[in-house]
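Chemist: fold the following and give me the result.
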Amino acid sequence: MMRWLSAEQVVALHEAVLERWGGMPGGGPRGAAHEGVEAAVQAVKNSYYTTAGELAAANAVYIVQGHVFQDGNKRAGAAAAATFLVANGIELRIPPGELRDSMIELQTRAEQGTRTDALIAWLAGRLTGTEAGSLGSAGRRKRLWDFR
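Modeler: So this is what the prediction gives:
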């Protein structure tokens, strides 16, 4: 049985990354009450993706593309993806620096018009170490949103 992230959990992850690295709190264009977060969480639950890797990637993609927070969307997306994997018993197989770089690349690819399904497939491979050439990080146990 898949364990899903709630909107409240995603907001808490966002608050944690802002506390650690700074940034502006609050919801994005859909509203200060984080309406965009609820939409992103529901989009993951209602998606046709089936693997934990794809669903973790969908969490990140929908948060980043939806710009659900005023600031820190890439950091919150990374934290949500990592948390989703761990909650579902899947090892996060990407080093923190590569996770950070992947979130930046995700934003770039999205701005260049890459389709959402292609973004999710690419990011799922990065997160789970199934992408060709991925370095992986067996046994890594850092705080999930600690990118340094």
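Chemist: got the contact list for the helix or strand containing Leu119?
Modeler: Secondary structure assignment for Leu119, by DSSP states H and E: helix 116-128. For helix 116-128, the external contacting residues (CB atoms under 8 Å, 6 or more residues apart in numbering) are 49, 51-54, 56-58, 60-61, 65, 81-82, 85, 90, 92-94, 98-99, 102, 106, 109-110, 130-132, 134. (Each C-beta comes from the backbone N, C-alpha and C, glycine too.)
Chemist: change it to 7 Å
Modeler: Identification of contacts with helix 116-128 by CB atoms under 7 Å, 6 or more residues apart in numbering yields 49, 51, 53-54, 56-58, 60-61, 65, 81, 85, 90, 92-94, 102, 106, 109-110, 131, 134.
Chemist: could you list which of those belong to helices?
Modeler: Among the contacts of helix 116-128, the ones falling in helices (DSSP state H) are 53-54, 56-58, 60-61, 65, 81, 85, 102, 106, 109-110.
Chemist: what about the chain, any weak spots by pLDDT?
Modeler: Within the chain, the segments meeting pLDDT under 70 span 29-33, 131-148.
Chemist: hmm, 80 instead?
Modeler: 26-34, 131-148 (pLDDT under 80).
Chemist: surely Asn59 and Ala81 touch.
Modeler: Yes: contact criterion CB atoms under 7 Å: Asn59 and Ala81 qualify, at 5.2 Å.
Chemist: quick one: residues contacting the closest residue to Ala76 other than its chain neighbours.
Modeler: Leaving out its chain neighbours, the residue that sits closest to Ala76 by CB to CB, 6 or more residues apart in numbering is His14, at 4.1 Å. Residues in contact with His14, defined by CB under 7 Å, 6+ apart, are 69, 72, 76.
Chemist: cool, thanks, signing off.
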